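Asker: okay, structure incoming, though there's no sequence with it:
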Ligand code: G1P
């Protein structure tokens, strides 16, 4: 089986939950402490062995392209002032020439539509998909996508589809893709067979409380299903629906990954992520803790 070397980053969404901050700035550029969300996702992918990075962008998202490119003016100024550390930080997100591709989604018509926009850029092999909104802190262990690829490659019948999973409160199922679980692996209780999945079901219709987090490994059959452009929940073309159509045709697993996921598509999740990441920052943890303790809040 070919190694998973390509990842798709759908970054064309409007970010309406973060207005006015995201009126002129991509939501994926919102920083958690000092790094934009998209960079965390790209670093997670690189750590997992990804070599080809495909961004599905939209209008108003050019800051993402600039972020992963040289900034000659900035680099020149930093070099002139001998600021070597800042210079290497600014250059650290550069990829090998040709490793990054941008494809434009003309209208945000759903996650499935965004992924489908990258169809001509993928070969006939499995690819990873990462949603930058879902920031996953793997507590210095292997990143979430790394964990998934390791499991994917060690399956007795390799191939098929895989999603990252976490348990949610039953009342929250309407915010996620929810799986219908089958048997758990005998050797690994965190690996769950997926018997079905449904996008944003109301709690009384949800097949479980196991929710899909924004990390996927998808095989080419999913792209074939996306061709139908069928609209689903929220009148959007849902990735979940095309994945669901592959159940029973190819292996399908969910991984209850190690780590904590922050929903950075919501204000509260974003604030929690900032506090959690600041607490891991040597120069910020103590002053922040003491401010929180003594503050008037
Ligand atoms: C998307 C997916 C959903 C998944 C979620 C994870 O929804 O459609 O299945 O559970 O990401 O964050 P969104 O949050 O974009 O509405």
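Answerer: In hand now; what should we look at? This one's a predicted model, so the numbers in the text were calculated from it and none came from an experiment. Residues are numbered from 1 along each chain as shown.

Asker: strands of this structure, residue ranges please.
Answerer: 6-10, 31-32, 35-36, 52-57, 100-104, 127-130, 134-137, 161-167, 177-184, 191-199, 210-218, 252-256, 260-263 (DSSP state E).

Asker: nearest to residue 234, of those strands?
Answerer: Nearest to residue 234, of all those, is strand 191-199, at 8.1 Å by Cβ to Cβ. Any C-beta I mention is one placed from the backbone N, CA and C, and that applies to glycine too.

Asker: note down every partner strand of that closest one and its orientation.
Answerer: strand 177-184 (antiparallel), strand 252-256 (antiparallel) (DSSP bridges).

Asker: how far off strand 210-218 does it point, in degrees?
Answerer: With axes from the mean of the first three to the mean of the last three Cα atoms, to 10 degrees defining the directions, strand 191-199 sits at 100 degrees from strand 210-218.

Asker: adding distance to the ligand, mean pLDDT and mean neighbour count, write the strands of the chain out as TSV.
Answerer: Converted to TSV, the strands of the chain look like this (distance: least, Cβ to the nearest ligand atom, whole Å; pLDDT from 0 to 100; neighbours: other Cβ atoms under 10 Å):
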stretch	distance to the ligand	mean pLDDT	mean neighbour count
strand 6-10	9	97	26
strand 31-32	16	96	18
strand 35-36	18	94	18
strand 52-57	13	96	22
strand 100-104	18	94	15
strand 127-130	10	98	25
strand 134-137	5	98	23
strand 161-167	8	97	23
strand 177-184	3	92	19
strand 191-199	5	96	21
strand 210-218	4	98	25
strand 252-256	11	96	23
strand 260-263	7	98	19
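
Asker: okay, those in TSV with distance to residue 240 next?
Answerer: Formatted as TSV, the strands of the chain follow (distance: least, Cβ to Cβ, whole Å):
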stretch	distance to residue 240
strand 6-10	13
strand 31-32	26
strand 35-36	26
strand 52-57	17
strand 100-104	21
strand 127-130	12
strand 134-137	15
strand 161-167	9
strand 177-184	4
strand 191-199	4
strand 210-218	7
strand 252-256	12
strand 260-263	17
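
Asker: so which residues on this structure come close to the ligand?
Answerer: 111, 131, 134, 176-177, 199, 211-214, 238, 240, 265 (Cβ under 6 Å from any ligand atom).

Asker: dump the residues you listed to TSV, plus distance to residue 96.
Answerer: As requested, the residues of the chain next to the ligand are exported to TSV (distance: Cβ to Cβ, whole Å):
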residue	distance to residue 96
111	28
131	24
134	26
176	35
177	33
199	36
211	35
212	31
213	28
214	25
238	33
240	33
265	30
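
Asker: from those residues, which is closest to residue 124?
Answerer: Distances from residue 124 to the residues of the chain next to the ligand, taken by Cβ to Cβ, are shortest for residue 111, at 21.9 Å.

Asker: excluding sequence neighbours, find me the nearest residue to that closest one.
Answerer: residue 239 (4.5 Å; Cβ to Cβ, 6 or more residues apart in numbering).

Asker: contacting residues for the one you found?
Answerer: 110-112, 115, 129, 177, 216, 218, 222, 226 (Cβ atoms under 8 Å, 6 or more residues apart in numbering).

Asker: and what of residue 12?
Answerer: 56-58, 61, 104-105, 108, 114, 117.

Asker: and for residue 201?
Answerer: 173-174, 178, 207.

Asker: need the max-distance pair from these.
Answerer: 174 and 207 (13.4 Å).

Asker: give me the distance between the two termini of stretch 3-19.
Answerer: Start to finish, the residues bounding stretch 3-19 are 39 Å apart (Cα to Cα, to the nearest Å).

Asker: circling back to that earlier point, now the contacts of residue 201 in JSON lines, with distance to residue 231?
Answerer: Listed next are those as JSON lines, based on distance: Cβ to Cβ, whole Å:
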{"residue": "173", "distance to residue 231": "20"}
{"residue": "174", "distance to residue 231": "18"}
{"residue": "178", "distance to residue 231": "19"}
{"residue": "207", "distance to residue 231": "21"}
